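**Student:** Just a sequence and a predicted model for now, questions to come.
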Amino acid sequence: MLFNPTGLSECLQEWEDLEKDYQQVQETHRLYKQKLEEVSKLQDSCSSSIARQRKKLKDLSESLNECRTPESPEDVNKIVEIQESMRERPNVFFEMEAFLPKQNGLYLSLVLGNVNVTLLNKQAKFAYKDEYEKFKLYLTVILLLFSFTCQFLISDRVVDALFNFLLVWYYCTLTIRESILINNGSKIKGWWVFQHYVSTFLSGVMLTWPDGELYQMFRNQFLSYAMYINFVQFLQYYYQSGSLYRLRALGERHNMDLTVEGFQSWMCRGLTFLLPFLFFGHSLSMDDAESQLQSDQEQDPEPLLSSLDIFIFSLISGLLIYWFFFRRKAETVPEIRTVTRTVSQPVRETSFIEKMKKTNRNIVVFYGSQTGTAEEFANRLAKDAHRYGMKGMAADPEEYDMTELSRLREISNSMAVFCMATYGEGDPTDNAQEFYDWMQGADDSLEGINFAVFGLGNKTYEHFNAMGKYTDKRLADLGGKRIFDLGLGDDDSNLEEDFISWKEQFWPAVCEFFGVEATGEDGSMRQFELVVHNDINMNQVYTGEVGRLGSFQTQKLPFDSKNPFLASVSVNRKLNKGGNRHLMHIELDIIDSKIRYDAGDHVAVYPTNDTTMVSKLGKRLGVDLDIIMSLKNLDEESNKKHPFPCPTTYRTALTHYLDINNPPRTNVLYELAQYASDQKEQENMRKMASASPEGKAMYKSWVLDAERNILSILEDLPSLQPPIDHLCELMPRLQARYYSIASSGKVHPSSIHICAVVVEYATKTGRVFKGVATNWLKDHVVTDNGHKPTVPMYVRRSQFRLPFKPSTPVVMIGPGTGIAPLIGFIQERAWQKEQGKDVGETILYFGCRHRNEDFLYQQELEEFERAGVLTQLNVAFSRDQEDKVYVQHLLKKNKEHLWKLINFNNAQIYVCGDARKMARDVHAAFHEIGQEVGGLTHTQAVSYFKKLMTKGRYTQDVWS
């Protein structure tokens, strides 16, 4: 035993440790099942997409063959690009399918049935190939010694039978293993597999051959052949495994063409010297078989077709049928007329090390960003580097090979900075997921790698800045040198101020570490240059598309953040009966999108800015907003060629791509200050952009608290006249808005429901602030003539899920629009009940201001209660009486029943809504219930509900 408790306290401590481990196992397993379900859906989608691509590729090839030879150089280059891509596409599909489940071939189907033998990652494939080679080595050595013993030491029929049985088992196992390798993308040559089938047959013949003079004659020949073939396989193992491990040592362990798929390259080329030996062996064995048959016929004439003849005929027939009908055939693409390329196309660089060397940069700033803020901070840090005699670049970890991080030491005076946002329940952002996975499994030494981390988070959430903290700790654990302390930005307070404060101390620390000094160059430095298009085809101009040009006109699967689906609004109705707010229920039609979702998922929509505000900006700056332009990156090596899709018009950029509604950050004020002709206004702008206490207070008061957006600033600073192209360069991207889906995919598979409140209120300056997305959605109503407006959207998966077992009780708390995902849960529980499943208690705590004004979904909820789906409907009307009543008060009112459900019936708790106050108050109420009913101390109650969170029995979908 690793731990031998000697007393009760030690036993209790050991039990607590075991409980923690057990809870972690449960949480890991829950996440595993969820991810497994998502992977399964992605596999189906990917397989069907590949099939469609193959069909369309064939049709396109035929169409291109019918086209006449183009004359213009542009068309020639385009044809060449298509030609090269189409020739490469089958290989790409083959590699993709190596990681997708597929049907077993004929042989595996006969042996294993429909068992899935697909290995879904490169490490597993390498491990299986490695184990396959070791298996061959061990058995080859045993068989070599066994055959030598039978040939020269022991001549006994029983020993021979054991040897031949071992051969039959070995070759049968080998053919199965090779079939699994082929099923996983290996390109093992047919002659290699065929000789194993022949060897299986010969071993079987020897095993069943009756003892006698003929057997003894053939026995010596067969044993010689067995020794020879085992010796050849022994040599072959060392060549293959040696090549495999040499390539792995060169850093190619993740390159499948050099592991499993490597049969195509190094086996075919490097083992050519084995071909004559193997074919000679086959000829010898066949000659032995023929001699055996002739001897039998001379000794005892038999019918024209003996059982052996029938067996051989069946074997050959089966192999021929397999060869012509069931083996994997190479994909062919209809030939395209060869066209000579005139201009070479650039290839995106995936090595950030080589890119840094090429452009003489020594600082790389990686960002993990979900809303664009971390990316903006990274760009600012990279831009600041020139003020300290350094050159920096911002980089998306999703676009580069992060396993090269250990190579950063090849660049002198170099460092990596990480701006890492935390998303959801302490998770990495989408673009940092692969980097996070690499960090978890990395064993690389980062000795000599200098780094610093700034995290972006929100203290209202349970896992504050988890990703920033993990990145900082993990890089240090791998041997990296921390240049400056971890920065923790809090979006609930003042994220901009936190970043500025950290940055102002970060750069002096960098200067001290590298022994450099600030250059004093504090002036503005443009990153993009303006290009005006006076003569351009309008089909080449972006009109609001997020990714692919023309994607809104021609929709293509699959739909995601870079390719949103244009969903029609089929319903847009007001939910509240009175009051001065506007709460709305919107239904989006997704019938033709093949989008799937589950209750608890989020829908992301891409809104547009208020057109009136855009027009006012153009008028204030005195520019024609319909000029077609592009902002081109001055750094030709940068992967980010434009700050937003270009070419486009200023009007489109300000309407679809730029965030002009929120207060600008300090770097925008700093850059724009140079365009203020009034000295006082210029000084104030620079002061607000500084790190001085007076400047921070002024920025907070004049910009943040007053909620001045860029238009308000321009209106209140009359002398400020920036060029519109520089303004567009500085403004952050307009981000998608996320809403908890208010429906169940089981009940409403062809539509997605949204519940939202329109944001509109007066600011301290007397202006009216309007939320971009909610006001935009409010105007998306079906017209009297039946026209349905569209909304660009996609679905983002969530961990906010109903329990796997319908019989598990659920307690749901969701005041206001926090009821959205809970409506989906209730719909799904009703559906489960209709399916005849045993559904546990379903309890809802909802809160609103007045029963007669904003009791959202009142009719539906009361109907669910009457039907027995909702076992309890508890509603807190906060302002219908003198003393305000909130959901936490109702929780404490029903504390005995709630504690029984939670502590004894394993109920799951769901909280949705405001994170800043409601979620905390609800959490505190549960602590009090644990103390008052469960007899726990405050510390024990906090620990108890924290464990529920770890187990996934207390989940939150909250926002601030």
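**Tutor:** Great, that's in hand.
**Student:** Count the neighbours of the spatially closest residue to Val795 that is not a sequence neighbour for me.
**Tutor:** Using CB to CB, 6 or more residues apart in numbering and skipping the chain neighbours, the partner closest in space to Val795 is Tyr597 (4.7 Å). Placement of C-beta: from N, CA and C, glycine included. Tyr597 has 21 neighbouring residues, counting by other CB atoms under 10 Å.
**Student:** Tyr597 is in contact with His753, isn't it?
**Tutor:** No. The pair Tyr597 / His753 is not scored as a contact, 10.5 Å apart, by CB atoms under 8 Å.
**Student:** Overlap in contacts, these two.
**Tutor:** Both Tyr597 and His753 are contacted by Ile741, under the criterion CB atoms under 8 Å, 6 or more residues apart in numbering.
**Student:** And the residue nearest to Pro718 when sequence neighbours are not counted, how close does it get to Leu734?
**Tutor:** Spatial nearest neighbour of Pro718, excluding adjacent residues (CB to CB, 6+ apart): Asp678 at 7.6 Å. Taking CB to CB, to the nearest Å as the measure, Asp678 falls 30 Å from Leu734.
**Student:** same check, this time on Ser712
**Tutor:** Counting by CB to CB, the gap from Ser712 to Leu734 is 17 Å.
**Student:** Check Leu720 too.
**Tutor:** The gap separating Leu720 from Leu734 is 22 Å, by CB to CB.
**Student:** Val781: which element?
**Tutor:** Here Val781 sits in a region with no helix or strand, counting by DSSP states H and E.
**Student:** ok, now which ones touch it?
**Tutor:** 569, 572, 789.
**Student:** sorry, back to before: okay, Ser712 and Leu734: which has more neighbours?
**Tutor:** Taking neighbours as other CB under 10 Å, Ser712 and Leu734 compare with Leu734 leading, 24 against 18.
**Student:** thinking again about what came up before, is it true that the residue nearest to Pro718 touches Met685?
**Tutor:** No. Asp678 is beyond contact range of Met685, at 10.1 Å (criterion: CB under 8 Å).
**Student:** which residues are common contacts for those two?
**Tutor:** Taking CB under 8 Å, 6+ apart as the contact rule, Asp678 and Met685 both touch Leu717.
**Student:** Show me which of the two is the more surrounded one.
**Tutor:** Neighbour totals were compared for Asp678 and Met685, and Met685 leads with 25 against 12 (other CB under 10 Å).
**Student:** Not counting residues beside it along the chain, what's closest to the more buried one?
**Tutor:** Ala673 (3.8 Å).
**Student:** residues in contact with stretch 498-509?
**Tutor:** Contacts of stretch 498-509 (CB under 8 Å, 6+ apart): 377, 380-381, 384, 387-388, 452, 454, 483-484, 487-490, 518, 666, 691, 696.
**Student:** for that stretch, what is the average pLDDT?
**Tutor:** For stretch 498-509, the mean pLDDT works out to 93.
**Student:** ok, and for that stretch, which residues are buried?
**Tutor:** Buried residues in stretch 498-509, counted by 16 or more other CB atoms under 10 Å: 498-500, 502-503, 506-507.
**Student:** Throw the residues you listed into JSON lines and include secondary structure, thanks.
**Tutor:** Listed next are those as JSON lines, based on DSSP: H, G, I helix; E, B strand; the rest coil:
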{"residue": "Asp498", "secondary structure": "helix"}
{"residue": "Phe499", "secondary structure": "helix"}
{"residue": "Ile500", "secondary structure": "helix"}
{"residue": "Trp502", "secondary structure": "helix"}
{"residue": "Lys503", "secondary structure": "helix"}
{"residue": "Phe506", "secondary structure": "helix"}
{"residue": "Trp507", "secondary structure": "helix"}
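**Student:** Which single helix of the protein contains the most residues?
**Tutor:** In the chain, with assignment by DSSP state H, the single longest helix is helix 8-66.
**Student:** Contact partners for Ala442?
**Tutor:** Listed by CB under 8 Å, 6+ apart, the contact set of Ala442 reads 403, 474, 478.
**Student:** The first one touches Asp444, doesn't it?
**Tutor:** Just to be clear, that refers to Thr403. Yes. Assessed by CB under 8 Å, Thr403 is found in contact with Asp444 at 7.1 Å.
**Student:** Could you verify that Met86 is part of a helix?
**Tutor:** Yes. Using three-state DSSP, the assignment for Met86 is a helix.
**Student:** how near is it to Leu57?
**Tutor:** Applying CB to CB to Met86 and Leu57 gives a distance of 6 Å.
**Student:** can you check Leu856 too?
**Tutor:** In terms of CB to CB, Leu856 sits 50 Å off from Leu57.
**Student:** Alright, calling it a day.
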